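Q: here is my input; please provide its structure:
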Amino acid sequence: MVIPVLDEAERISGAIASVSSGGKPGRAVGSAGSPADPGPEILVVDAGSRDATAERARQAGARVLAAGRGRARQLEAGWRASSGEVIVFLHADTRLEMGWESALREALTTPDVVGGAFRLAFDAPGFGFRVVELIVRLRVRLFALPYGDQAIFVRRSVLSEMGGVPPVDLMEDLDLVRGMNGRGRVVALRPAALTSARRYQEQGVLGTLVRNALALVAWRLGVDRERIAGWVRR
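A: Numbers count the residues shown, from 1 in each chain. Just a heads-up that it's a prediction; the model follows:
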């Protein structure tokens with residue numbers, strides 16, 4: 001489990017707590033499935049937080065690493081330092097629903113499955129958010145193209161074959177999934193990745209949805225990432 005962070009002191013403990021038990025209530029479950037197992041390996045990769053993110057991550061039981069700014073750099077540093085056969089990339093403002101680990105293990109019993117992601121759900125009420133969730137489900141079903149806020153997971157062997165996380169400044173999640181799709185099947189799992197709606201709330205649901213759609217089209221057309229970043233961050 002690799003969690004990239006930057007000034008996420010308010011959220012990091014919740015993200016770690018959601019995965020530290022392996023998705024089962026009341027105990028930590030590791031590869032052997034016994035209560036004595038330490039549970040999933042959790043690495044928090046900090047890009048220079050100025051708040052208490054690192055301290056709270058350690059208090060929650062995670063190993064904390066330092067990396068340069070940029071999510072791709074953080075993800076790369078995290079998975080290289082990990083030891084698991086499956087890597088899960090979790091955002092700090094996302095929590096995985098109970099049962100996530102068993103669903104992941106079951107999916108990976110199928111040899112041609114190289115990885116996947118979880119069902120997107122927002123932590124806020126409102127019709128607009130339900131529409132976005134539906135659109136995301138359709139995108140994943142039609143194009144096998146989940147985003148990073150859905151907690152992408154991948155077999156270590158596949159990630160190694162790809163040469164690691166693509167070293168780009170933006171949309172590294174799409175590049176990662178494209179590489180995965182070229183090597184096998186990418187699946188969508190039922191347990192939810194409950195994600196903060198803060199970005200949509202700050203920028204507006206419709207505006208954010210449109211910008212994301214334009215960025216996706218631009219990415220597929222090979223538009224320069226700096227230009228895409230300018231559109232997305234306005």
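Q: going forward, measure contacts and count neighbours with C-alpha atoms only.
A: OK.
Q: in the chain, which ranges drop under the pLDDT threshold?
A: Residues of the chain meeting the criterion pLDDT under 70: 22-38, 232-234.
Q: tell me, what residue is most central in it?
A: Nearest to the geometric centre of the chain sits Ala151, at 2.8 Å (CA atoms, centre = their mean).
Q: hmm, Val88 and it touching each other?
A: Yes. Counting by CA atoms under 8 Å, Ala151 touches Val88, with 6.4 Å between them.
Q: what about the closest residue in space to the residue nearest to the centre of the chain that isn't next to it in sequence, how many residues nearby?
A: Take Ala151 and drop its neighbours on the chain: the residue closest to it by CA to CA, 6 or more residues apart in numbering is Leu90, 4.7 Å away. Residues near Leu90, counting by other CA atoms under 10 Å, number 27.
Q: repeat for Pro191
A: So Pro191, with other CA under 10 Å, has 21 neighbours.
Q: tell me the strands beside whatever helix or strand it lives in, with direction?
A: Pro191 belongs to strand 185-195 when assigned by DSSP states H and E. Using DSSP bridges, strand 185-195 pairs in its sheet with strand 94-96 (antiparallel), strand 113-122 (parallel).
Q: for whichever helix or strand comes after the last one, packing partners?
A: Read that as strand 113-122. Where DSSP H and E defines the elements, the next helix or strand beyond strand 113-122 is helix 127-143. Judged by 3 or more CA pairs under 8 Å, 6 or more residues apart in numbering; DSSP states H and E, the packing partners of helix 127-143 are strand 113-122, helix 205-221.
Q: got the angle between whichever helix or strand comes after the longest one and helix 205-221?
A: Which is helix 205-221. Remark: after helix 205-221, the chain's next helix or strand is helix 225-232, criterion DSSP H and E. Here the directions of helix 225-232 and helix 205-221 differ by 170 degrees (axes from the mean of the first three to the mean of the last three CA atoms, to 10 degrees).
Q: so how far is helix 225-232 from its chain's centroid?
A: 21 Å (CA atoms, centre = their mean, to the nearest Å).
Q: before we move on, what about stretch 93-101?
A: 11 Å.
Q: and the end-to-end length of it?
A: 19 Å (CA to CA, to the nearest Å).
Q: ok, back up a step: tell me which of the strands paired with strand 185-195 sits nearest to Arg156.
A: Nearest to Arg156 among the strands paired with strand 185-195 is strand 113-122 (9.2 Å), distances taken as CA to CA.
Q: which outside residues touch that closest one?
A: 107-108, 129, 133, 136-137, 146, 149-155, 158, 180, 183-197 (CA atoms under 8 Å, 6 or more residues apart in numbering).
Q: returning to what we had before: list the residues that contact the residue nearest to the centre of the chain.
A: Applying CA under 8 Å, 6+ apart, the residues near Ala151 are 88-91, 94, 117-118, 193.
Q: on that earlier part again, verify the stated contact: the residue nearest to Ala151 with Ile12.
A: No. If you go by CA under 8 Å, Leu90 and Ile12 don't touch, sitting 10.5 Å apart.
Q: what's the neighbour count on the closest residue to Ala193 other than its chain neighbours?
A: Leaving out its chain neighbours, the residue that sits closest to Ala193 by CA to CA, 6+ apart is Leu96, at 4.7 Å. The tally of other residues near Leu96 (other CA under 10 Å) stands at 27.
Q: now Asp112
A: Residues lying near Asp112 (other CA under 10 Å) number 12.
Q: just checking, it touches Arg185?
A: Yes. The criterion here is CA under 8 Å, and Asp112 meets it with Arg185 at 5.8 Å.
Q: this completes my enquiry, with thanks.
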